[in-house]
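Next come a sequence and a model predicted from it.
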Amino acid sequence: QFRTLSTLQSPAFTGIREQLGILDNTRLTFAWSLGEHIAVGLEAGREPFVLNYQGMKDDRLYTFNQYAPMLTGGLFMQGRTSPFSSLGNARFYVQAVAGGTEIGLLGRGGLGMTYPLTSSIGLQIGIEQSYSRFQFQGNWFDSQKLDLLYGISITL
């Protein structure tokens, strides 16, 4: 699967300017079917997170705000329905991911739909909640966001 994403909701901070490259919102996924209704796999990509954290600099406490595209990766499990003939053989899925980013831990859950164009190519659309946890100067901080996913899936 090759998917891209658009962030629907994330914390917004004044003064942060989005500067994204063409590959800063993409994810490549490799899945292995364990049966008709379950798959496991690996995913890797690059996506932005809004980071809000505090730390010491020159003996003063500062609040840092960043809009940071980061490399992400993880292992996932996906549950799928049988094809719905009334919806053009579309399948719905629910997915959970455990992984990491360049600076910390990553967990996400999502649901979506795959609509087949041919027997081996399908369009995907879904929604996904991501939660990242990272450490700075010995303290843990969180970042979360809600994304709209869209892309293609190729079955070999």
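Yep, that arrived.

buried stuff in stretch 107-114?
Neighbour counts over stretch 107-114 (16 or more other CB atoms under 10 Å) mark 107-108, 110, 112-114 as buried. C-beta here means a position set from N, CA and C on the backbone, and glycine is covered the same way.

Kindly report the same for stretch 82-102.
Taking 16+ other CB under 10 Å as the basis for neighbour counts, the residues of stretch 82-102 that come out buried are 90-93, 95, 97, 99-101.

Give me the subset of those lying in strands.
Where the buried residues of stretch 82-102 overlap with strands, as defined by DSSP state E, the overlap consists of 91-93, 95, 97, 99-101.

All the strands of the chain, in order from the start?
Listed in chain order, the strands of the chain (DSSP E) span 2-9, 26-33, 38-57, 60-80, 91-101, 104-116, 121-136, 139-154.

Let me have these in CSV, adding mean pLDDT as columns.
Putting these into CSV (pLDDT from 0 to 100) gives the following:
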stretch, mean pLDDT
strand 2-9, 74
strand 26-33, 92
strand 38-57, 91
strand 60-80, 91
strand 91-101, 97
strand 104-116, 96
strand 121-136, 95
strand 139-154, 92
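
Show the contacting residues for the residue lying closest to residue 95 once chain neighbours are set aside.
In space, and not counting its chain neighbours, residue 95 is closest to residue 78: 4.4 Å by CB to CB, 6 or more residues apart in numbering. Contact analysis of residue 78 by CB atoms under 8 Å, 6 or more residues apart in numbering lists 31, 38-41, 93-95.

quick one: contacts for the residue nearest to residue 63 when sequence neighbours are not counted?
Closest residue to residue 63 in three dimensions, ignoring its sequence neighbours and counting by CB to CB, 6+ apart: residue 54, at 5.2 Å. Residues near residue 54 by CB under 8 Å, 6+ apart: 61-64, 136, 139, 141.

got a list of what residue 134 touches?
Listed by CB under 8 Å, 6+ apart, the contact set of residue 134 reads 51, 53, 101, 103-105, 140-141, 143.

Swap in 6 Å and give it another go.
When contacts are counted by CB atoms under 6 Å, 6 or more residues apart in numbering, residue 134 is found next to 103-104, 141.
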